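Peer 1: one predicted model, sequence on top.
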Amino acid sequence: MPTAAPRRRAGDPPEFVRLAAHPVRWRLLEALVQSDRAVRELSQIVDEPQSLVSYHLRQLRDGGLVSARRSAADGRDSYYAVDLARCQEHIQSAGGALHPGLRLVPATQSSAPASTHPRRVLFLCTGNSARSQMAEALLVHRSAGAIDAVSAGSNPKSLHPNAVRVMAKRGIDIADHRTKHLDEFVGTRFDMVITLCDRVREVCPEFPGQPRSAHWSIPDPALDGATNRASYPAFERTAVELETRISYLIYQVNDRSTRRSTHAEE
């Protein structure tokens, strides 16, 4: 049973500041904003023992900043993910706690760093029938076409009707999308390659130009229910999670692409 957090006294720093200020926890957050990761990966990144990393991850989980999911590829393992929306809320309120004039105003998508570098993102899952198709459509829609997104799978299946339904609910038509094998894009250059399935992460090939890679450990919504009707709520939850992740991805892709093109010019 988790230990109750100590009550914050007047004058104490906000809980987010206390959590994020620890050097190990800050480095863990830095790693997790780039990609979902397992404890062993985080241990290598921050160069600390797994037992210590697990302790600090527990602190971040108790603070609501990080969550964990069992790996679909290896049930003995778990992937940790940062809750960017929760972090944003805490950062905004932390500024206001010090002075009302320091409360941060949420950025808008139009204020994302501009870049003349053509940005291309590839989403991969196993079947290319749901998660990656939804992510592709949402990124194109949310970026107003400024980012070229495509998707593929390691073992393509037919487009799932619930993926079509949840996107149609958001005014996005993917009914005519075809599913594709990842081999179609092996020779294509991308700025970022994102795996949405724990299994496909294990077989993801290398792409030219060394694109940035990230992993989003998102369960297959088609497995949640014996019928399409029963699994629909899982597709809706997946769509909501993808919407949140992609709203932040837009800034990340723009920022990284700008830096890369700048370095190339140097």
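Peer 2: Okay, I see it.

Peer 1: list the buried ones in the helix or strand harbouring residue 200?
Peer 2: Counting by DSSP states H and E, the element that carries residue 200 is helix 198-203. Of the residues in helix 198-203, those scored as buried under the neighbour-count criterion (16 or more other C-beta atoms under 10 Å) are 198-201. C-beta: built from backbone N, CA, C; applies to glycine.

Peer 1: in the chain, where is pLDDT below threshold?
Peer 2: Segments of the chain classed as low confidence (criterion: pLDDT under 70) are 1-11, 104-118, 256-266.

Peer 1: biggest helix in it by residues?
Peer 2: helix 228-265 (DSSP state H).

Peer 1: those helices in the stretch 51-200 of the chain, which residues are they?
Peer 2: Assigned helices in the stretch 51-200 of the chain, in chain order: 84-98, 131-142, 161-169, 198-203 (criterion: DSSP state H, counting those that start in this stretch).

Peer 1: pick the most buried one from those helices.
Peer 2: Among the helices of the stretch 51-200 of the chain, judged by mean count of other C-beta atoms under 10 Å, the one packed with the most neighbours on average is helix 131-142 (a mean of 25).

Peer 1: tell me the angle that one makes with helix 161-169.
Peer 2: With axes from the mean of the first three to the mean of the last three C-alpha atoms, to 10 degrees as the criterion, the two stretches helix 131-142 and helix 161-169 enclose an angle of 10 degrees.

Peer 1: just to revisit the earlier point, let's have the helices of the stretch 51-200 of the chain in CSV, adding distance to residue 39.
Peer 2: Shown next, in CSV, are the helices of the stretch 51-200 of the chain (distance: least, C-beta to C-beta, whole Å):
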stretch, distance to residue 39
helix 84-98, 20
helix 131-142, 24
helix 161-169, 31
helix 198-203, 14
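
Peer 1: now for those, which one comes closest to residue 182?
Peer 2: Ranking the helices of the stretch 51-200 of the chain by distance to residue 182, with C-beta to C-beta as the measure, places helix 198-203 first at 7.8 Å.

Peer 1: distance between that closest one and the chain's centre?
Peer 2: Once both centres are worked out by C-alpha atoms, centre = their mean, to the nearest Å, helix 198-203 turns out to sit 16 Å from its chain's centre.

Peer 1: after that helix comes which helix or strand?
Peer 2: With elements assigned by DSSP H and E, the helix or strand that comes after helix 198-203 is strand 212-215.
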